[in-house]
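Trainee: Take this sequence and fold it.
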Amino acid sequence: MTEIIRADRSHITELSYLFNSYRVFYEQPSDIEKAGKFIESRINNGESTIFVCYEKGQKLDGFVQLYSSFCSVSAGPILILYDLFVREEKRGQGYGRALMDKATEYAKSNDYQRLELSTALDNVIGQKLYESLGYIKDNEFYHYSLEVK
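Mentor: Numbering: from 1, shown residues only. All right, here's what the predicted structure looks like:
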């Protein structure tokens, strides 16, 4: 049975390896130290909410990372689902869906108005999951990004 819990300081080391794998999936160079510092900072500073899933007594199988933000138009808090990752050997077994459900439960219980996420155009598997959970693809707005560093 899969358990999903909120990550804390005790998960930093193992979560760092999962986060590094996530970054490599998105074509970033492997850098365990960078991944570890990033995760440690998010947890220590309370800058994100991370849920991890695992089989009892086993290593972590996946995680979802959430960031609080605001929507000026609706004048309320929103939650950005920025990262979702499941170990390759555990994919297709419901871990991603379980993590997404946990994120939704967290958003509802903490009075967020909505969850938002972005995904790569070629992430068809992820898109199918999101749409099966009721997420609506935005066809009205473009997403822009500007590198400043």
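Trainee: For the protein, which segments count as helices?
Mentor: Along the chain, counting by DSSP state H, helices occupy 12-25, 32-44, 95-109, 124-132.
Trainee: Same list (those) but as TSV, adding distance to residue 74 and mean pLDDT.
Mentor: Just so you know, the C-beta spots here come from the backbone N, C-alpha and C atoms, and that holds for glycine as well. Shown next, in TSV, are these (distance: least, C-beta to C-beta, whole Å; pLDDT from 0 to 100):
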stretch	distance to residue 74	mean pLDDT
helix 12-25	30	96
helix 32-44	26	97
helix 95-109	14	97
helix 124-132	21	93
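Trainee: Out of those helices, which is closest to residue 139?
Mentor: helix 124-132 (12.8 Å; C-beta to C-beta).
Trainee: which other helices and strands contact that closest one?
Mentor: Under the contact definition 3 or more C-beta pairs under 8 Å, 6 or more residues apart in numbering; DSSP states H and E, helix 124-132 sits against helix 95-109.
Trainee: send the alpha carbons of the helix it packs on over as CSV?
Mentor: Output in CSV follows, covering the C-alpha atoms of helix 95-109 (Å, rounded to 0.1, in the frame of the first residue of the first chain):
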residue,chain,number,x,y,z
TYR,A,95,1.5,6.9,-8.0
GLY,A,96,1.2,10.1,-10.1
ARG,A,97,-2.6,10.1,-9.7
ALA,A,98,-2.3,9.5,-6.0
LEU,A,99,0.1,12.5,-5.6
MET,A,100,-2.2,14.7,-7.7
ASP,A,101,-5.1,13.7,-5.5
LYS,A,102,-3.1,14.6,-2.4
ALA,A,103,-2.3,18.0,-3.9
THR,A,104,-6.0,18.6,-4.6
GLU,A,105,-6.9,17.6,-1.1
TYR,A,106,-4.3,19.9,0.3
ALA,A,107,-5.5,22.8,-1.8
LYS,A,108,-9.1,22.3,-0.8
SER,A,109,-8.3,21.9,2.9
